[in-house]
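Q: need a 3D model of the following:
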Amino acid sequence: KQAGIEAARAQLTDQGKAREIKLLQTHGCTVAMIGNGIRDEAAMAEADLRIHLGPVPAKTGDAAHDIDLPENSSIVLKNNNLSDFLHLSEISHIIMDIVQQNRIVALLFWVLLLPPAMGLVKTFGGPFLAPAAALTGQIGASLMILFNSLRA
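A: Modelled structure (predicted):
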């Protein structure tokens with residue numbers, strides 16, 4: 001629940017895992033599969049999010065068996081500890097909040113600086129903003145976005 005996972009299924013057979021994933025996907029659910037790749041190849045191939053637990057297995061050269069190697073997994077937790085997923089989820093939410101803040105800052109500066117610099121507000125009696133001033137404002141916005149990103 002802390003990681004935002006609404007439901008979990010356990011104690012399924014190998015074929016039952018893949019079948020359950022397909023069933024959930026047909027109902028519009030996003031499915032994450034957590035496994036080690038030894039018995040979970042078919043289910044991992046069907047899942048939207050693949051979380052690999054444990055040490056990384058060696059490549060066999062067979063595409064059907066190499067489906068769950070880390071390059072095909074969305075997340076690799078090498079220490080076999082699922083609680084690390086919670087930390088990754090928290091970090092992801094923090095980063096996405098910062099990205100959203102940066103988008104708002106960029107949009108706000110564009111809306112405030114571009115129309116006066118183009119002379120659009122002067123036709124309505126507003127000020128005209130010199131291009132150098134608009135450039136200075138955009139540099140300021142870029143610095144605000146940079147420093148906001150660095151706080152992560």
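
Q: so for stretch 75-95, what gets flagged as buried?
A: Neighbour-count burial for stretch 75-95, counted by 16 or more other CB atoms under 10 Å, picks out 75, 77, 85. No exception for glycine: its C-beta is placed from N, CA and C like everyone else's.

Q: and if you look at stretch 120-139?
A: 129, 134, 137-138.

Q: before we move on, what about stretch 17-33?
A: Result for stretch 17-33 [16+ other CB under 10 Å]: buried residues 17-18, 20-21, 24, 31-33.

Q: same question for that stretch, mean pLDDT?
A: Stretch 17-33 shows a mean pLDDT of 88.

Q: so what touches it?
A: By CB atoms under 8 Å, 6 or more residues apart in numbering, the residues outside stretch 17-33 that reach it are 5, 9, 12, 40, 42-51.

Q: show only the entries of the residues you listed found in strands.
A: Judged by DSSP state E, the subset of the contacts of stretch 17-33 located in strands is 49-51.

Q: out of these, grab the one that's most surrounded.
A: Neighbour tally across the ones in strands among the contacts of stretch 17-33 (other CB atoms under 10 Å): the maximum, 24 neighbours, falls on R50.
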